[in-house]
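# Sequence and predicted model, in that order:
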Amino acid sequence: MLPIVQGGMGIGVSAHRLAGTVARLGAVGTISSVDLRRHHKDLMEQTAKHRDKELINAVNLIALDREIKAAQVIADGNGMVAVNIMRAVAEYAASVRQACESGANAVVVGAGLPLDLPELTAGYPDVALIPILSDTRGISLVIKKWMRKNRLPDAIVIENPHSAGGHLGAMSLDTIQDPHFAFPTVLEGTLELFKQLGIEREKIPLIVAGGVHSHEQMRDLLALGASAVQLGTPFAVTEEGDAHLNFKKVLTEARPEDIVTFMSVAGLPARAVCTPWLANYLEKEVKLQLKATPKQCTVGFDCLHQCGLRDGNAKAGQFCIDTQLAFALNGDIKRGLFFRGSEVLPFGSEIRSVQDLISYFMTGVRPEMVAVPA
Ligand SMILES: Cc1cc2nc3c(=O)[nH]c(=O)nc-3n(C[C@H](O)[C@H](O)[C@H](O)COP(=O)(O)O)c2cc1C
Ligand code: SF4
């Protein structure tokens, strides 16, 4: 297996095409489980005019099944096809079970502590279990809890909120830059924890994520004790990335000053490009938070366990994340919410193939851009 993992990216940004292509090249490709019906016209037609939560959940499981199977066809027995499921989504348990049943090689869980993952996957011992955590404390908590259930993680993703895209594993906006999240600190602390718990270092590979954008950086992180790197934004903007071309352009063309952090409806900080919708929302955020009151889910989907907008939680975001992320997936620059990591991209504003990206990370040589015949 190559020491490269493609991070799960919702909604629909990492579906079968991206994950399957990454796996085919011998790395780990990850499908994000959230609201995958958006890639299936027939399933969207069934649910577009409905506010029926049960129906939306049912078709999303069908979409997840289709996406995993399609990715495995592309992978053709190479690498691994993983499924990323956020602990914060309401259909977490059902999605974990579906991922196992549909033939995912690994289940990767972030945005919350997956303390119950061993039970949920008990009938599928061959499916690798990979939590995403951000600091030594969270890693210690999950490992100790899982050890009581006679299970160890098959790998751990260490995601640094300082630079990662999407939802961030920090308690608040003020703590995103906290030095205890730095890779050297977390790697050192985790290897020390393994020693204390009598876990051999090789038993649980550590995968670092957030802002990894160069071959040299990957080499240094592997030398520090990481077994692999996880990349999100660099894969989102590849030719095979499953989102609309406009999505990729927004990410590749963003300047450092365009990338902002804010509170998501899920009650976690998040990082995205400050496109027109987000700029407008952030201007009104305080007013909206002052008016926050519990109400029905705006689209009847109830996608999150805890939603700041629906539950009237003034400390969380006040927008429907499902709606805004779906606009972004479809390339609506005005209305979309475009998650992105904070770092520069390996190929600048160029949209390149997964093959080029993996080849650059493995060799340090940027492949020439192949001219498309006129
Ligand atoms: C567009 C986008 C969507 C993301 N969606 C998810 C998600 O659904 N679940 C998750 O665990 N992480 C998500 N992430 C985080 C990535 O999987 C990855 O860990 C992170 O982006 C790494 O940082 P990088 O983008 O700097 O490489 C997302 C990131 C991006 C850029
Ligand atoms: S209002 Fe909240 S729970 Fe309902 S779909 Fe939107 S983000 Fe999800």
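Nice, I can see it. Ligands and ions are numbered 1, 2, ... in the order given.

# who in the chain is up against ligand 2?
Contact residues (Cβ under 6 Å from any ligand atom) of the chain with ligand 2: 265, 297-299, 301-304, 307, 309-310, 320-322. Bear in mind the C-beta positions are built from the backbone N, C-alpha and C, glycine included.

# can you give me the helices for the stretch 151-300 of the chain?
183-197, 215-223, 233-236, 245-253, 276-290 (DSSP state H, counting those that start in this stretch).

# which of these sits most buried?
helix 233-236 (a mean of 28; mean count of other Cβ atoms under 10 Å).

# quick one: contacts of that one?
6-7, 9, 13-14, 18, 22, 165, 212-213, 241, 243, 247-248, 251, 340-341, 343, 345-346, 354, 357 (Cβ atoms under 8 Å, 6 or more residues apart in numbering).

# Stretch 89-99 too?
33-34, 57, 60-61, 64-65, 68, 83, 85-86, 107, 109, 111, 116-117, 120-121, 127, 302-305.

# Out of the residues you listed, name the ones that lie in helices.
57, 60-61, 64-65, 68, 117, 120 (DSSP state H).

# I'd like these written out as CSV, with neighbour count added.
Listed next are those as CSV, based on neighbours: other Cβ atoms under 10 Å:
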residue, neighbour count
57, 18
60, 26
61, 20
64, 28
65, 16
68, 28
117, 27
120, 21
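
# Skip the chain neighbours and tell me the closest residue to residue 230.
residue 209 (3.6 Å; Cβ to Cβ, 6 or more residues apart in numbering).

# The one you found and residue 13, how far apart?
The spacing between residue 209 and residue 13, counted by Cβ to Cβ, to the nearest Å, is 15 Å.

# Compare neighbour counts for those two and give me the winner.
residue 13 (30 against 25; other Cβ atoms under 10 Å).

# residues contacting the more buried one?
32, 236, 241-243, 247, 329, 339.

# now do residue 20
By Cβ under 8 Å, 6+ apart, the neighbours of residue 20 are 29, 70-75, 81.

# from the residues you listed, which single one is nearest residue 363?
residue 29 (19.9 Å; Cβ to Cβ).

# Show me what that closest one bridges to in the sheet.
With DSSP bridges as the criterion, residue 29 is bridged to residue 81.

# and it, what pLDDT?
We have a pLDDT of 98 for residue 29.

# Run through the residues of the stretch 151-300 of the chain sitting next to ligand 1.
159, 163-166, 209-212, 230-234, 236.

# what's in contact with stretch 50-67?
Residues contacting stretch 50-67 (Cβ under 8 Å, 6+ apart): 15-16, 19, 31, 33, 35-40, 43, 46-47, 83, 91, 94-95, 98-99, 101-102, 297, 299-302.

# Restricted to helices, list those residues.
16, 19, 43, 46-47, 94-95, 98-99, 101.

# Buried ones only from those residues, please, as a ChimeraX command.
Only the buried entries of the ones in helices among the contacts of stretch 50-67 go into this ChimeraX selection, using 16 or more other Cβ atoms under 10 Å:
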select :16,19,43,46,47,94,95,98,99
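
# from the ones in helices among the contacts of stretch 50-67, which two are the most distant?
Pairwise distances across those peak at 24.2 Å for 19 and 46 (criterion: Cβ to Cβ).

# before we move on, back to that, may I see the residues of the chain next to ligand 2 arranged in CSV, with pLDDT, neighbour count and distance to residue 271 as well?
Formatted as CSV, those follow (pLDDT from 0 to 100; neighbours: other Cβ atoms under 10 Å; distance: Cβ to Cβ, whole Å):
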residue, pLDDT, neighbour count, distance to residue 271
265, 96, 24, 15
297, 92, 18, 25
298, 88, 14, 24
299, 89, 16, 24
301, 88, 23, 24
302, 92, 18, 25
303, 91, 28, 20
304, 93, 26, 18
307, 95, 27, 19
309, 95, 20, 19
310, 96, 17, 23
320, 96, 20, 19
321, 96, 23, 14
322, 94, 23, 18
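
# which of those lies closest to ligand 1?
residue 321 (10.4 Å; Cβ to the nearest ligand atom).

# number of nearby residues for residue 353?
Other residues close to residue 353 by other Cβ under 10 Å number 16.

# Quick one: mean pLDDT over stretch 343-351.
Stretch 343-351 comes out at a mean pLDDT of 96.

# what's the span of that stretch from first residue to last?
16 Å (Cα to Cα, to the nearest Å).

# all strands for this protein, in order.
4-6, 28-32, 80-86, 106-110, 128-133, 156-159, 166-167, 206-209, 228-231, 259-263, 269-273, 338-339 (DSSP state E).

# Dump these to CSV, plus distance to residue 188.
Listed next are those as CSV, based on distance: least, Cβ to Cβ, whole Å:
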stretch, distance to residue 188
strand 4-6, 21
strand 28-32, 24
strand 80-86, 26
strand 106-110, 22
strand 128-133, 15
strand 156-159, 11
strand 166-167, 25
strand 206-209, 11
strand 228-231, 17
strand 259-263, 26
strand 269-273, 25
strand 338-339, 29
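
# List the contacts of the closest residue to residue 181 other than its chain neighbours.
Among residues not flanking residue 181 along the chain, residue 160 sits closest, at 5.1 Å (Cβ to Cβ, 6+ apart). By Cβ under 8 Å, 6+ apart, the contact list for residue 160 reads 134, 181-183, 186, 208-211.

# Now do the contacts for residue 34.
Residue 34 touches 10-12, 86, 89, 303, counting by Cβ under 8 Å, 6+ apart.

# looking at this structure, which helix or strand is least sure?
One helix or strand of the chain scores below all others by mean pLDDT, DSSP states H and E: helix 41-47, with a mean of 92.

# Quick check: which helices or strands does it pack against?
Helix 41-47 is packed against helix 53-75, with contacts defined by 3 or more Cβ pairs under 8 Å, 6 or more residues apart in numbering; DSSP states H and E.
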